[in-house]
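Colleague: pasting the sequence and the predicted model now:
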Amino acid sequence: MFFTKVWCAAELTNSCKSLLLQQSHRPNYACLQLRNSFHKSRRGVRGQRLEPDPLAQLHIESGPLNAKGLLKPFLFTIGISTVSVVGCVIWEYETLRAHTSSLLRRPSAWLNAQQKKIAQFKSEPGPVRKWWNSLKDNEKVFYPILAANLLVFGAWRLRALQPYMVKYFCSNPAGSSKCLPMVLSTFSHYSALHLAANMYVLYSFMPAAVASLGKEQFVAMYMSAGVISSFSSFLYKVVLNQPGLSLGASGAIMAVLSYVCVQYPDTKLSIIFLPMYTFAAGTAIKAIMSVDLAGVVFGWKFFDHAAHLGGALFGIAWCEWGGTHIWANRDKFVQYYHALRKNDTSR
């Protein structure tokens, strides 16, 4: 099973890295410091001269944090979550309607034979189309998410775009742009290791989540978890008056992880480099959330523990409550299907 390749608890929570701030001489700005050894390459063996980090010269918006500044992010979080759920219901409805309509419009034997003859003269689909049709449902959701993250990761490499990346692709409770980065930061990674770890964990747990929820509900949960985890980070920073930036998909991935672990608590997981040691999924999520709770209580800054904890709690809530209410609409879809069949047979 894919679960046997999952990282240990510490690696599964590879974080939405918090970027430390150091006040500069300008009153409303702070210098951004990135502790990233990948961008400190040496010039020569003897000289040991370090190249300057291009992001060290960037300035980010900073200022006093207050509770009033949480109103717009809170409303934005509710709005994005509502749109995601409504879009999920419409997507499921249209998928089922298209499926039932195609079943009801079955051609006769003669017409079916003629269509097969016509199809023989049609050109074969291209390699990209063949590859896409061969993918599973979970892979059709994963690869667009991966492509979006890779695109944003490439944008971080362009120096001309870095000021805009810091402003719009890092969630910052003290910034002038608060709402849009809450979504965009979910697809933003500056470190290659951070990106690889998050995508590996997402790919490992996505098949079980998509099989349980369907791709429509999964997308709704993922998008909602992204903004909710960002708002959890905002709330924590405002309460403790600790300004800082956060980025990464870990908050949304924590929702996927917690959903799978709660939905299948007896599933055996193992450490990627130590496959002989196994533990239950229910135990794993408790340990991970305990670490994040300790990080919130003791103020650890290496990870954005508040975002992790918010995403995990949302995943558990979706498992216990959200999915059930959304799937209650299935009865309406079934009634619609029977109505179509009844009208078709009456003709």
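Modeller: Yes, it's here.

Colleague: can you give me phi and psi for Arg157?
Modeller: When read as degrees, to the nearest 10, the backbone of Arg157 gives phi -80, psi -20.

Colleague: quick one, helices of the chain?
Modeller: Applying DSSP state H to the chain gives helices spanning 9-12, 71-104, 109-121, 127-134, 137-156, 162-168, 179-184, 192-213, 215-240, 250-263, 281-298, 305-317, 323-327, 330-346.

Colleague: in a markdown table, list the ones you listed along with mean pLDDT and distance to Ile271.
Modeller: Where you see a C-beta, it was placed from the backbone N, CA and C, and this is true even at glycine. Shown next, in a markdown table, are these (pLDDT from 0 to 100; distance: least, CB to CB, whole Å):
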| stretch | mean pLDDT | distance to Ile271 |
| --- | --- | --- |
| helix 9-12 | 38 | 8 |
| helix 71-104 | 85 | 33 |
| helix 109-121 | 59 | 50 |
| helix 127-134 | 85 | 32 |
| helix 137-156 | 95 | 23 |
| helix 162-168 | 91 | 34 |
| helix 179-184 | 94 | 33 |
| helix 192-213 | 93 | 13 |
| helix 215-240 | 94 | 25 |
| helix 250-263 | 94 | 15 |
| helix 281-298 | 92 | 10 |
| helix 305-317 | 94 | 19 |
| helix 323-327 | 53 | 29 |
| helix 330-346 | 54 | 38 |
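
Colleague: Throw these into JSON lines and include mean neighbour count and distance to Phe273, thanks.
Modeller: As requested, the helices of the chain are exported to JSON lines (neighbours: other CB atoms under 10 Å; distance: least, CB to CB, whole Å):
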{"stretch": "helix 9-12", "mean neighbour count": "18", "distance to Phe273": "10"}
{"stretch": "helix 71-104", "mean neighbour count": "15", "distance to Phe273": "36"}
{"stretch": "helix 109-121", "mean neighbour count": "9", "distance to Phe273": "50"}
{"stretch": "helix 127-134", "mean neighbour count": "10", "distance to Phe273": "31"}
{"stretch": "helix 137-156", "mean neighbour count": "16", "distance to Phe273": "23"}
{"stretch": "helix 162-168", "mean neighbour count": "18", "distance to Phe273": "33"}
{"stretch": "helix 179-184", "mean neighbour count": "20", "distance to Phe273": "33"}
{"stretch": "helix 192-213", "mean neighbour count": "20", "distance to Phe273": "13"}
{"stretch": "helix 215-240", "mean neighbour count": "24", "distance to Phe273": "28"}
{"stretch": "helix 250-263", "mean neighbour count": "28", "distance to Phe273": "19"}
{"stretch": "helix 281-298", "mean neighbour count": "17", "distance to Phe273": "16"}
{"stretch": "helix 305-317", "mean neighbour count": "27", "distance to Phe273": "22"}
{"stretch": "helix 323-327", "mean neighbour count": "15", "distance to Phe273": "34"}
{"stretch": "helix 330-346", "mean neighbour count": "12", "distance to Phe273": "42"}
